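Enquirer: Build me a structure from this.
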Amino acid sequence: MYLTPKYLNIIINILTGAAWAAVLFLFITGFTSVHSNIFFKLLNGFVYSLFGLFFVVLIEAIYRVFKIYEYQQKELRKLRELVKNLD
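Expert: Predicted structure coming up:
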């Protein structure tokens, strides 16, 4: 992932890594909290990890919004230059 403001790029990458770490931690916590067969352990781990997966999707959506904003700003600059050259 790369965004033009370097600080924003660093923040989003750190938050994405933290969200994936939360997914892993929550899955392991859910997996080990049930003393049953393997199916229920996996199901419980998945249910626990949904909270972290929500944040992964949210951060990726925020990244996508910033990427679209950068693209629109680049296109707007091109259009303004084109209009200026036409006048």
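Enquirer: Now do the longest helix along the chain: which elements does it pack against?
Expert: Longest helix in the chain, counting residues (DSSP state H): helix 38-86. For helix 38-86, the elements it packs on are helix 6-32, judged by 3 or more Cβ pairs under 8 Å, 6 or more residues apart in numbering; DSSP states H and E. All C-beta atoms are positioned from the backbone trio N, CA, C, and that covers glycine.
Enquirer: who does the helix it packs on touch, helix- and strand-wise?
Expert: With contacts defined as 3+ Cβ pairs under 8 Å, 6+ apart, the packing partners of helix 6-32 are helix 38-86.
Enquirer: Quick one: work out the angle between the helix it packs on and helix 6-32.
Expert: Calculated by axes from the mean of the first three to the mean of the last three Cα atoms, to 10 degrees, helix 38-86 forms an angle of 170 degrees with helix 6-32.
Enquirer: distance between helix 38-86 and the chain's centre?
Expert: Taking Cα atoms, centre = their mean, to the nearest Å, one finds the center of helix 38-86 at 6 Å from the center of the full chain.
Enquirer: For the chain, identify the residue most remote from the centre.
Expert: Distance from the centre of the chain peaks at D87, with 42.8 Å (Cα atoms, centre = their mean).
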